[in-house]
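Chemist: What shape does this take:
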Amino acid sequence: MCAIVDKKPLYDHAKSINGNNIKDKRHAIEMLIVKEDLRTHNIHVRRVVTFQMLGDVLTKRGVSVDL
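Modeler: Model prediction:
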């Protein structure tokens, strides 16, 4: 399975070996859970630039449907 994200910080944290650079405790815990789920279910993370995110058409108003 492959998860595609357009948020660079999320991608960077998911790919990092140690997530110790997160200052917010709640955010750090949530990222640990995400990383554990990615590892457990063998999910690969890929990043795309925001304007190429196909799912935006389904979740946001005013997004171009050209893609």
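
Chemist: Could I get the full set of strands for this protein?
Modeler: Per DSSP state E, the chain carries strands over the ranges 2-5, 44-47.

Chemist: which stretch in the ones you listed is the model least sure about?
Modeler: Taking each of those in turn, the lowest mean pLDDT turns up on strand 2-5, with a mean of 87.

Chemist: ok, and for that strand, which residues are buried?
Modeler: residue 3 (16 or more other CB atoms under 10 Å). Just so you know, the C-beta spots here come from the backbone N, C-alpha and C atoms, and that holds for glycine as well.

Chemist: what separates residue 66 from residue 37, distance-wise?
Modeler: 33 Å (CB to CB, to the nearest Å).

Chemist: for residue 16, same thing?
Modeler: With distances taken as CB to CB, residue 16 is found 15 Å from residue 37.

Chemist: hmm, which helix or strand of the protein has the shakiest average pLDDT?
Modeler: Evaluated with mean pLDDT, DSSP states H and E, the helix-and-strand set of the chain has its lowest mean pLDDT in helix 56-59, which scores a mean of 68.

Chemist: who has more neighbours, residue 66 and residue 37?
Modeler: When neighbours are counted by other CB atoms under 10 Å, residue 66 and residue 37 differ, and residue 37 comes out ahead with 11 against 5.
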